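Asks: can't give you the sequence, but here's the structure:
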């Protein structure tokens, strides 16, 4: 029996390198995502699998250290990459009730009972997440994940009802 790979969602982004040991700054997209980090755990960073050997919180950011990355030059390769986790693990630590926009990737999006397209990406900003929606004609919309725009979420049909945004 062939099993499909788990749906992965980004939990945060690596920033610039720190110090001479190969540590990398980390900014989780949500504060509770740091609960996923464990020593000697294999993580998906960009397209690579790296083992987290140490992490610590400083006054203003987290620092991560991965196996095999012991210099700033090696760490530099991973700057600005995201750390990904299986959706099932993220849902286990997510406070309820909360909808993770990352789980909506691939969902159908409707506005005024008309299909606009599908969610293809979620952009994280300091203010709020933004859905990228694209249709078969390559028209693209950016929709903020705020109650004013996200009108209904249907888990059963995996669809969203939104207020139609301006075409980008």
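Replies: Ah, there it is. All values derive from a computational prediction rather than experimental measurement. Residues are numbered from 1 along each chain as shown.
Asks: list the buried ones in whichever strand or helix holds residue 91?
Replies: Secondary structure from DSSP states H and E places residue 91 in helix 87-93. Within helix 87-93, the residues that qualify as buried by neighbour count (16 or more other Cβ atoms under 10 Å) are 87, 90. To be clear about C-beta, it is placed using only N, CA and C from the backbone, and glycine gets the same treatment.
Asks: Quick check: bridge partners of residue 143?
Replies: Per DSSP bridges, the residues bridged to residue 143 are residue 131.
Asks: Would you check how far apart it and residue 115 are?
Replies: Counting by Cβ to Cβ, to the nearest Å, the gap from residue 143 to residue 115 is 14 Å.
Asks: Looking at the two, which is more packed in?
Replies: Applying other Cβ atoms under 10 Å to residue 143 and residue 115 shows that residue 143 carries more neighbours, namely 22 against 12.
Asks: For residue 106, see how far away the more buried one is.
Replies: Distance of residue 143 to residue 106, given as Cβ to Cβ: 15 Å.
Asks: OK, contacts around residue 102?
Replies: Taking Cβ atoms under 8 Å, 6 or more residues apart in numbering as the contact definition, residue 102 lies against 9-10, 87, 90, 122.
Asks: Turn those residues into CSV, including pLDDT and distance to residue 30.
Replies: Formatted as CSV, the entries for these read as follows, by pLDDT from 0 to 100; distance: Cβ to Cβ, whole Å:
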residue, pLDDT, distance to residue 30
9, 79, 11
10, 83, 11
87, 79, 14
90, 82, 9
122, 88, 12
